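# Got a predicted structure here, sequence first:
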Amino acid sequence: MSEIVDRKLIQELSEREEKTLQENTPKSAKLFQRAKETLVKGVPSSYQMREPYPIYYSRGKGSRIWDVDGREISDFHNAFGCMVQGHANPIIAAAVKKRIDLGSQFGLPTEDSIVVAEHLKRSFRLPRWRFVNSGSEATMDAIRIARGSTGRDTIMKIFGSYHGHHDYVMVAIGVADFKDRGPRNDYRSVPYGAGIPQGVADMTIAVPFNDADVMEQRIERLAAEGRKPACVIMEAAMMNLGVVLPEPGYLQRVREITRKHGIVLIFDEVKTGICTAAGGAVERYGVVPDMVTLAKALAGGLPSGAIGMTEEVAEIVAAGKVYQVGTYNGNPLCMAAARASIEEVMTPEAYKHLDSINDQLIAKCNAICEKHDFPGYTVGISSKGCVNFATGKITDYESFIQHQDVALCMLAWLYNFNRGVIMAPGREEEWTLSVAHNQEDVARYVGAFEELVRDVSPGLLVTKSASQLG
């Protein structure tokens, strides 16, 4: 892994910033002592953990959230991108309040589910839809449907991508020692944590992002072994390493390869769907897969997801050969929120606003890198973006490991938090915007970033400007 800044300086700055954080969050520290008596590690999910203790939050409004110590924070975390509509959006809140008085759950269909499906059909150019409750459910059901449709068991994914927490995709997300991944054209199927049988992991084959040649070669080898994949599940723009965009022509090649081999192509748009355009990456890049999975931002903070399908793929569900089920699927509250979001919040004007804010962040952060001759560069798409602390261009997991300074990413999180900005942690270091973000939020983010760059510049181990990396 590349090192941009001297480790000693990063350690010193990290200790300073952590001390500041702890001085400003005594109520969170106290709450953690209570929480760890019942919650494992004091949190509902491992992705909420933080050492020595997590920060607890009390409320949110628009682009801001407040922690239990009363600090007002510009939210660039946005629940890993769920809250593109902004916190406590009044339109969505009114729709949910109206709906709850009419009944919150039936386990039976309502009209709003039809309306939402009609909108998604137009936006994502796929005719058939089903609803679920999370991104993990969406990808899990999509893979099962693809397997049922093709009669095959093997699946293919991108090394380094996250597609939820069910066994078949908790594979080849990351490795403790990158040398253990195997060669580029033959990545190993490494389980992501304990509890995943190796026999299950072996049914998932990983290939690098932005390399259609390796994908096709691997598919042909699998076919020769009698293991042709049922599906390729992938993010059209990779969102688990900051933001990694597809190289020109890559998605088109993937579409051609999967069609040629009769493989179901699934675009996991849990992070790009709704957030980057009404039709997500399908709209942005013009490539239509066989299936799309949605969640996160679909219902404005309520737990909902969706699966879009071609008529051909949907037939296996319609015929009752694959069971796609769930008591809370199409929950009335979630469908009311999703309908209000699609029809009244995520308008063309809203997407223009997101693009404008994102463009400003990109331009201002690049200018800071140039000013300090700092080896970083930005990547962005609508409401998503990041600064790569990198000595080379990142196009996949392998180049991420080679070029990204993860320790610097972790230090950036501390700098942001202590200056009133919350980000997703670690290698998820990316900003996620909402329609409520404004110029004050931009100024906070840019100000924190410039302080970081200024403070680490004396310890630079390499000198390469953003223009040399883009």
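Received, thanks. Numbers count the residues shown, from 1 in each chain.

# From here on, just use CA atoms for contacts and neighbour counts.
Fine.

# Give me the residues contacting the longest helix along the chain.
Secondary structure of the chain per DSSP state H: the longest helix is helix 348-371. Applying CA atoms under 8 Å, 6 or more residues apart in numbering, the contact partners of helix 348-371 are 276-277, 374-385, 387, 433-435, 437-439, 442, 446, 449-450, 453, 465-467.

# Put the buried members of the residues you listed into a PyMOL selection.
Selection of the buried residues among those in PyMOL, burial being defined by 16 or more other CA atoms under 10 Å:
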select buried, resi 276+277+374+375+376+377+378+379+380+381+382+383+384+385+387+433+434+435+437+438+442+446+449+450+453+465+466
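
# in the stretch 1-150 of the chain, which ranges drop under the pLDDT threshold?
Within the stretch 1-150 of the chain, the ranges that satisfy pLDDT under 70 run 1.

# So which residues of it form helices?
7-24, 26-35, 78-81, 90-100, 111-124, 135-150 (DSSP state H, counting those that start in this stretch).

# Might you report the residue contacts of H77?
H77 touches 422-424, 430-433, counting by CA under 8 Å, 6+ apart.

# ok so, going back, name the stretch among the helices of the stretch 1-150 of the chain that sits most buried.
Counting by mean count of other CA atoms under 10 Å, helix 135-150 has the highest mean neighbour count of the helices of the stretch 1-150 of the chain, with a mean of 23.

# what residues does that helix touch?
With CA under 8 Å, 6+ apart as the test, helix 135-150 has contacts from 131-132, 153, 155, 163-166, 230-231, 233, 263-264, 266, 268, 270, 291, 293-296, 304-307, 313, 316-317, 321-322, 324.

# for stretch 234-249, same thing?
Residues outside stretch 234-249 that contact it (CA under 8 Å, 6+ apart) are 157-158, 160-162, 209-210, 251, 266-269, 271-272, 281, 379-380, 384-388, 394-397, 400, 427-430.

# Let's see that with 7 Å instead.
157-158, 161-162, 210, 266-269, 281, 379-380, 385-386, 394-395, 427-430 (CA atoms under 7 Å, 6 or more residues apart in numbering).

# One more: stretch 158-167?
The contact list for stretch 158-167 (CA under 7 Å, 6+ apart) reads 135-136, 139-140, 169, 172-174, 196, 206-209, 234, 238, 240, 397.

# can you pull the contacts of the nearest residue to V345 once chain neighbours are set aside?
Distances taken as CA to CA, 6 or more residues apart in numbering place Q85 nearest to V345, at 6.7 Å, with adjacent residues excluded. Contact analysis of Q85 by CA under 7 Å, 6+ apart lists 300, 345, 434-435.

# pLDDT-wise, what's the bottom of those?
Lowest pLDDT of those: G300, 95.

# Hmm, it is touching H87, no?
No: applying CA atoms under 7 Å as the test, G300 and H87 come out as separate, 8.4 Å apart.

# These two: which has the busier surroundings?
G300 (27 against 24; other CA atoms under 10 Å).

# got the contact list for the more buried one?
Counting by CA under 7 Å, 6+ apart, G300 touches 82-83, 85, 337-338, 341.

# Nearest to R125 among those residues?
Checking those against R125 by CA to CA gives A338 as the nearest, at 18.1 Å.

# excluding its backbone neighbours, what's nearest that closest one?
A299 (4.1 Å).

# give the contact list for the one you found.
Applying CA under 7 Å, 6+ apart to A299 gives the contacts 334-335, 337-338, 341.
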